[in-house]
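>>> Got a sequence here, can you build the structure:
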Amino acid sequence: MSLFTSNSKNYQSSFKSNGIYILRPIIVAIVVLAVYQILIWCNFLTPHEGIAQQESNLIRAERYFYGDEAKTKFVVVGSSMIANIPVNDIGSNLFNLGIRGDSSVTGLELVKLRKTKPSLVLVELNGTISRKMNADLIKSFSYPVSYLSRLYFSMFRAEYRPISIFVTKLKKIKGDDNETVNVQQKTIQSELEKNIVKRAVQTNSKLLNQEEIDSLIKGANFIQNQISEIRKGSIKVVLFDVPREQEVIESPREKQIQQLIRNLFPKNNYEWLPDSLKTDWVTGDGVHLKSSDAVKYAEFLQETLQKKGYLSN
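Predicted coordinates:
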């Protein structure tokens with residue numbers, strides 16, 4: 001009996017000891033996470049923009065999905081072409097949901113998934129609509145546990161990942177974000193850009209083959225279905241295209257794409273924003289506007305939306 005009692009006491013002691021070893025790291029982890037979240041709430045940690053394209057896209061999507069309703073009243077969806085435009089300068093309630101490497105398909109799907117809907121959605125339409133939806137990005141908003149954790153605790157969002165914040169701060173310390181570019185470097189960069197634009201013009205000199213046409217039509221049909229679903233909620237949907245180098249726009253392939261898209265999205269069924277009268281747009285690669293022209297296009301969008309009564313003056 002005494003042996004049984006002794007063994008029982010040893011077992012209880014061992015159990016308590018193991019329990020402490022298990023609980024200790026859990027408690028430490030909870031404390032560390034709590035402190036990290038408090039630092040975010042107190043604005044001691046600055047969110048970053050992402051150190052890779054995939055991460056930057058996720059950050060942009062999360063900011064829309066978990067953002068303030070007042071800041072997402074109007075939404076612009078599209079590719080990297082619109083992502084490059086500072087549309088947030090147009091108004092504090094206009095959100096840029098341009099996804100780099102993707103198309104409007106992914107942005108429209110996020111609009112559909114979010115419970116709080118915008119009153120206006122601007123949809124970029126061009127050759128990028130043949131791209132497939134970013135399924136991995138969409139899936140990250142489909143799980144209830146991860147959705148709720150990111151909604152209430154911003155430390156779980158991509159913009160507050162410790163390693164990315166550390167790398168961003170390290171770059172700023174080293175001066176990588178504000179490098180001085182001398183005249184020779186500017187000249188070399190300018191020549192490189194001219195060559196890239198030339199290649200873009202050459203690429204667009206060939207007409208679409210049947211497979212590419214079918215891919216565009218398939219993408220257009222998918223977007224048409226998305227727009228139809230979004231419109232059911234009394235949401236205004238307006239289509240537009242981002243300007244590019246004039247040589248690219250006037251190329252045979254680009255003209256073919258524009259004509260095909262206009263036929264698939266006719267003005268009697270869809271509202272289009274007018275194209276800018278400016279034709280001397282400057283890009284670095286034929287399609288993405290340089291920062292100065294990106295600002296000019298943002299100003300054009302602001303003026304156009306105000307004339308249509310979508311934005312207040």
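>>> how far does stretch 80-100 sit from the chain's center?
Relative to the mean C-alpha coordinate of its chain, stretch 80-100 is positioned 9 Å out (CA atoms, centre = their mean, to the nearest Å).
>>> tell me the mean pLDDT for that stretch?
Across stretch 80-100, pLDDT averages out at 89.
>>> Same question for stretch 114-131.
The pLDDT scores in stretch 114-131 average 94.
>>> so how far is that stretch off the chain centroid?
Computed by CA atoms, centre = their mean, the separation of stretch 114-131 from the middle of its chain amounts to 11 Å.
>>> distance of the spatially most central residue of the chain from Ile173?
Taking CA atoms, centre = their mean, the centroid of the chain lies closest to Ile99, which sits 3.5 Å from it. Distance, Ile99 to Ile173, by CB to CB, to the nearest Å: 30 Å. Bear in mind the C-beta positions are built from the backbone N, C-alpha and C, glycine included.
>>> And Leu113, by the same measure?
38 Å.
>>> Of the two, give the one with the bigger neighbour count.
Leu113 (13 against 9; other CB atoms under 10 Å).
>>> so what's that one up against?
Phe65, Ile138, Phe141, Ser142 (CB atoms under 8 Å, 6 or more residues apart in numbering).
>>> Most neighbours of all those residues, which one?
Phe65 (21 neighbours).
>>> where in the stretch 201-313 of the chain is pLDDT low?
313 (pLDDT under 70).
>>> Which parts of it are strands?
Counting by DSSP state E, counting those that start in this stretch, the stretch 201-313 of the chain has strands at residues 236-240, 271-272.
>>> For the first one, name the packing helices and strands.
Helices and strands touching strand 236-240, as assessed by 3 or more CB pairs under 8 Å, 6 or more residues apart in numbering; DSSP states H and E, comprise strand 120-124, helix 210-231, strand 271-272.
>>> how about the CA coordinates for that strand, as CSV?
This file holds the C-alpha atoms of strand 236-240, laid out as CSV (Å, rounded to 0.1, in the frame of the first residue of the first chain):
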residue,chain,number,x,y,z
LYS,A,236,-22.6,51.1,-59.6
VAL,A,237,-20.0,49.6,-61.9
VAL,A,238,-18.0,51.7,-64.3
LEU,A,239,-15.4,50.4,-66.8
PHE,A,240,-12.2,52.2,-67.9
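>>> now the angle from it to helix 210-231?
150 degrees (axes from the mean of the first three to the mean of the last three CA atoms, to 10 degrees).
>>> Go ahead and name everything in contact with strand 236-240.
Strand 236-240 is contacted from outside by 119-125, 227, 230-231, 265, 270-273, 301, 310, using CB under 8 Å, 6+ apart.
>>> how about a cut-off of 7 Å?
By CB atoms under 7 Å, 6 or more residues apart in numbering, the residues outside strand 236-240 that reach it are 119-125, 227, 230-231, 265, 270-273.
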